[in-house]
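>>> here is the input, now give the coordinates:
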Amino acid sequence: MSITIWTNAHFAEEPRAALIEGAKPHRLIFSTQLSASNLAKAAPDPAMQEADAAFGQPDPDFALQCPRLRWIHLTTAGYTRYDGAAFRQAFGGRGAVLTNSSLVYNEPCAEHVLAFMMANARQLMPSLDSQRTDRAWPTLERRAATSLLLGQSVVLLGFGAIGHRLAELLAPFRVKITAVRRRPAGDENVTVVTEDKLLEALATADHVVNILPENPATVGYVHAARLAATKPGAIFYNVGRWYYRGSGRAAGGTAIGALRRGVSRRHRSGTAAAGASAVVGAELLYYAARGRGPQNGAGAVG
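So this is what the prediction gives:
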């Protein structure tokens with residue numbers, strides 16, 4: 001049976017050709033409003049009313065007005081704009097399904113975090129800076145600052161596809177991994193704790209990795225009290241959506257002043273980098289991922 005697939009995803013020539021070929025013998029409709037950004041909200045497209053399946057980032061409200069639509073596959077791992085009770089009930093209630101691309105992003109995101117963990121442990125960034133500038137050879141200083149991942153403690157905030165893959169990559173280093181989950185599945189290959197044990201886990205963490213999705217339950221999840229409870233010298237990495245709950249530079253600086261570095265995947269706007277520097281009051285050594293600026297609120301692990 002042939003179906004009609006609608007997409008608003010903008011691809012370069014080669015992947016676009018692969019999509020067209022892979023969709024055969026089904027009918028493929030390209031939206032007149034293609035978007036290269038996974039974060040941009042799509043405008044309603046009347047052509048989607050002809051579709052049985054949608055691939056990309058369709059407008060969630062308009063999707064509910066498309067009676068033929070039975071499957072949405074997102075080009076992202078995140079699904080924030082579709083994560084509402086009204087959409088879930090209306091879309092799921094008619095037997096439709098929504099899937100995401102977690103298994104597309106788990107490998108690159110997990111490798112990204114591991115790369116920065118290793119780079120920081122071996123002081124590659126300061127060494128590279130030295131080679132770019134005075135080409136000094138500060139042997140004693142550099143050796144004193146280096147460390148081994150072997151036997152260190154890693155706390156994962158969230159344990160989805162990215163967390164699973166990161167745990168696999170870290171296994172050879174024999175690190176102690178603790179994943180924080182709201183509802184443990186029971187089949188995890190790492191130590192799993194619920195939120196009531198989070199502060200205990202943070203107190204011994206050498207590395208804290210945020211992999212939480214963006215939803216009302218995670219807004220403000222990383223807040224001053226939790227940062228203050230984190231082991232001095234720990235490194236914070238962000239490959240999820242992050243919202244810091246604090247009250248400005250003073251409170252944030254006091255809470256996280258002991259943390260050494262931050263890693264983030266990509267900020268959605270300029271407020272994230274500026275906000276992190278102002279509220280957190282700590283050096284952001286790496287800033288290359290997704291996130292938003294500081295927000296107020298409370299949250300829970302998804």
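>>> off-centre distance for the longest helix along the chain?
When the chain is parsed with DSSP state H, its longest helix is helix 102-121. The chain centroid and the centroid of helix 102-121 are separated by 11 Å under CA atoms, centre = their mean, to the nearest Å.
>>> which stretches in this protein count as strands?
Per DSSP state E, the chain carries strands over the ranges 4-9, 27-35, 53-56, 71-74, 97-99, 153-157, 176-180, 191-193, 207-210, 222-223, 235-238, 244-245, 262-267, 286-291.
>>> what angle separates the longest helix of the chain from strand 153-157?
For helix 102-121 against strand 153-157, the angle by axes from the mean of the first three to the mean of the last three CA atoms, to 10 degrees is 150 degrees.
>>> so can I have CSV of the strands of the chain showing mean neighbour count and mean pLDDT?
Backbone N, C-alpha and C define where each C-beta goes, glycine included. Shown next, in CSV, are those (neighbours: other CB atoms under 10 Å; pLDDT from 0 to 100):
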stretch, mean neighbour count, mean pLDDT
strand 4-9, 22, 96
strand 27-35, 16, 92
strand 53-56, 22, 96
strand 71-74, 19, 96
strand 97-99, 14, 96
strand 153-157, 25, 96
strand 176-180, 22, 96
strand 191-193, 16, 94
strand 207-210, 25, 93
strand 222-223, 22, 83
strand 235-238, 26, 89
strand 244-245, 24, 53
strand 262-267, 21, 38
strand 286-291, 19, 28
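>>> how about TSV for these, with distance to residue 47 added?
Below are the strands of the chain laid out as TSV (distance: least, CB to CB, whole Å):
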stretch	distance to residue 47
strand 4-9	6
strand 27-35	5
strand 53-56	10
strand 71-74	15
strand 97-99	19
strand 153-157	39
strand 176-180	42
strand 191-193	45
strand 207-210	38
strand 222-223	41
strand 235-238	37
strand 244-245	40
strand 262-267	30
strand 286-291	29
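>>> closest one to residue 17 among those?
Closest approach to residue 17 among these is made by strand 27-35 (11.7 Å; CB to CB).
>>> convert the C-alpha atoms of the closest one to PDB, please.
This file holds the C-alpha atoms of strand 27-35, laid out as PDB (Å, rounded to 0.1, in the frame of the first residue of the first chain):
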ATOM      1  CA  ARG A  27       4.400   9.700  -2.600                       C
ATOM      2  CA  LEU A  28       6.600  12.400  -1.000                       C
ATOM      3  CA  ILE A  29       5.400  16.000  -0.600                       C
ATOM      4  CA  PHE A  30       7.900  18.700   0.200                       C
ATOM      5  CA  SER A  31       6.500  21.700   2.100                       C
ATOM      6  CA  THR A  32       6.800  25.100   0.500                       C
ATOM      7  CA  GLN A  33       8.300  26.200   3.900                       C
ATOM      8  CA  LEU A  34      11.400  24.000   4.400                       C
ATOM      9  CA  SER A  35      13.400  24.600   7.500                       C
END
